[in-house]
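Colleague: test case, fold it:
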Amino acid sequence: MNLARIDLNLLRVFDAVYEDRNLLAAGKRLHLSQSAISHALGRLRDVLQDDLFVRTAKGMEPTARAVTMATPIRNALRQIQTALGDEPFDPASARREFVVAANDYITLLLLSRLSQRLRAEAPMVDLVVRPSTRLDLAGQIDIGRIDIAIGIFAEVPTRFQSMLVWKQTEVMVAHRDHPIGDRPLTHDDLLTYPLVAVSLGGQEEGAVSGFIVERGLARQSEMFDRQALEDAFTGSATLPRIRVAVAHSLAIPSLVRHSDMLALVPSPLGREFERHGELRIHPLPYPAPVTSVRAVWHGRNDEDPALQWLRKQIADVASQVRT
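Modeller: Numbering: from 1, shown residues only. Next up, the predicted model:
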């Protein structure tokens, strides 16, 4: 292979097509026409003597050679960008797409506010939200498909950086017409009334103590502290019954409506439910665990001006969330 025949633009095209799996989307990312993208891919295929991508019903699927090349090329492009010096990020004129991974309630509380901030300050910047519950979240961050993941993480590998978004605890919510009224919850209430809880994956998916570990990143799989709940009933002949376990926290209002069930939820989500008037927050009758919601990103992006700006926006809007 003659390296003199490869210019940097060919590698940028390869990286964009690998990311988007679509020539038109890659062209928009690089501000090139679809024909220019096709021509550049043709040149690279000729140099490497490999198809690199095969057109399918699902998009441009990479060959084995392309998969092997993808991460080293992306890392090399980042290193070149760092060596040459990043251009300042001007949100008012920038054309950029940010990909953030988050669950449904963080999307509701945080990213809706972030979207409003982008509309006002960065009108040409797009926001894509991916589920943080997807398998191999760490791998998606590694290859650059996710810029920032927001959630609760028990372990963060050293190749990643992180920042605190907010601290939260747990509360119970019930419909305002629930038999307990507005009195404090008791241990007996938790044995009398069945519970709703959010579980994003259990032991059958490899979860240990409420977390799933992938490539060194331990992400929360249950949106409550099961151990704290069970410890509160140590010595009891029975434990609270979790009648319904759901993967989507925003389904909770419809589940507890006209029901005697209690829902165990993060405190910021409980306050959001209560704000709409249908549900009421009840503090737990046992010590409520405190957890940290964090934003996680790959260390190679630490000095990227655009992502530095995005992290600042996330921190700013997070300060508006009641916990």
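Colleague: make it CA atoms for all contacts and neighbour counts henceforth
Modeller: Will do.
Colleague: for T238, phi and psi?
Modeller: Backbone torsions of T238, given as degrees, to the nearest 10, read phi -130, psi 160.
Colleague: excluding its backbone neighbours, what's nearest it?
Modeller: L191 (7.6 Å; CA to CA, 6 or more residues apart in numbering).
Colleague: wait, isn't the one you found in contact with L239?
Modeller: Yes - using CA atoms under 8 Å, L191 is in contact with L239, at 6.7 Å.
Colleague: buried residues, the lengthiest helix in the chain. List them.
Modeller: Counting residues, the longest helix found in the chain (DSSP state H) is helix 64-84. Residues 66, 70-71, 73-74, 77-78 are the ones in helix 64-84 that count as buried (16 or more other CA atoms under 10 Å).
Colleague: contacts for it next, please.
Modeller: With CA atoms under 8 Å, 6 or more residues apart in numbering as the test, helix 64-84 has contacts from 11-12, 15, 18, 50, 52-53, 142-144, 300, 303.
Colleague: contact partners for the residue most central in space within the chain?
Modeller: With distances taken as CA atoms, centre = their mean, the residue of the chain nearest its centroid is A101 (2.1 Å). Contact analysis of A101 by CA under 8 Å, 6+ apart lists 129-132, 146, 148-150.
Colleague: now, of these, which are buried?
Modeller: For the contacts of A101, buried by 16+ other CA under 10 Å: 129-130, 132, 146, 148-150.
Colleague: and R21, how far from R12?
Modeller: Between R21 and R12 the computed distance is 14 Å (CA to CA, to the nearest Å).
Colleague: neighbour count for these two, which is higher?
Modeller: Taking other CA atoms under 10 Å, R21 and R12 do not tie; R21 has more neighbours (20 against 17).
Colleague: which non-adjacent residue is nearest that one?
Modeller: Ranked by CA to CA, 6+ apart and with sequence neighbours excluded, the top spatial neighbour of R21 is M60, at 4.6 Å.
Colleague: does the one you found sit in a helix, a strand or a coil?
Modeller: Here M60 is recorded as strand under DSSP: H, G, I helix; E, B strand; the rest coil.
Colleague: isn't R113 up against D316?
Modeller: No - checked against CA under 8 Å, the pair R113 and D316 is beyond contact range at 9.8 Å.
Colleague: what about these two, which has more around it?
Modeller: Set side by side, R113 and D316 show more neighbours around R113, with 18 against 15, by other CA under 10 Å.
Colleague: in contact with the nearest residue to the more buried one once chain neighbours are set aside, which residues?
Modeller: Counting by CA to CA, 6+ apart, R113 lies nearest to V317, which is 6.3 Å off, once chain neighbours are set aside. Applying CA under 8 Å, 6+ apart, one finds that V317 lies in contact with 110, 113-114.
Colleague: which pLDDT value goes with V317?
Modeller: On the pLDDT scale, V317 is placed at 95.
Colleague: please verify my assumption that V128 contacts T107.
Modeller: No - counting by CA under 8 Å, V128 sits too far from T107 to count as a contact (10.9 Å).
Colleague: name the residue in those two with the higher neighbour count.
Modeller: Using other CA under 10 Å as the criterion, V128 and T107 rank with T107 on top: 19 against 11.
Colleague: in the helix or strand hosting the residue nearest to the centre of the chain, which residues are buried?
Modeller: In this assignment (DSSP states H and E), A101 forms part of strand 96-102. Buried residues in strand 96-102, counted by 16+ other CA under 10 Å: 96, 98-102.
Colleague: okay, those in a markdown table with distance to I252 and pLDDT next?
Modeller: Listed next are the buried residues of strand 96-102 as a markdown table, based on distance: CA to CA, whole Å; pLDDT from 0 to 100:
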| residue | distance to I252 | pLDDT |
| --- | --- | --- |
| R96 | 35 | 83 |
| F98 | 29 | 92 |
| V99 | 27 | 92 |
| V100 | 24 | 95 |
| A101 | 21 | 95 |
| A102 | 18 | 94 |
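Colleague: which of the residues you listed lies closest to L269?
Modeller: Set against L269, the nearest of those by CA to CA is A102 (14.0 Å).
Colleague: skipping its backbone neighbours, what lies nearest that closest one in space?
Modeller: Spatially, and ignoring its direct neighbours in sequence, A102 is nearest to S132 (4.5 Å; CA to CA, 6+ apart).
Colleague: who's in contact with the one you found?
Modeller: S132 makes contact with 101-103, 149-151, according to CA under 8 Å, 6+ apart.
Colleague: over to A138?
Modeller: Counting by CA under 8 Å, 6+ apart, A138 touches 214-217.
Colleague: element containing I37, please.
Modeller: Counting by DSSP H and E, I37 is part of helix 34-48.
Colleague: alright, that wraps it up for me.
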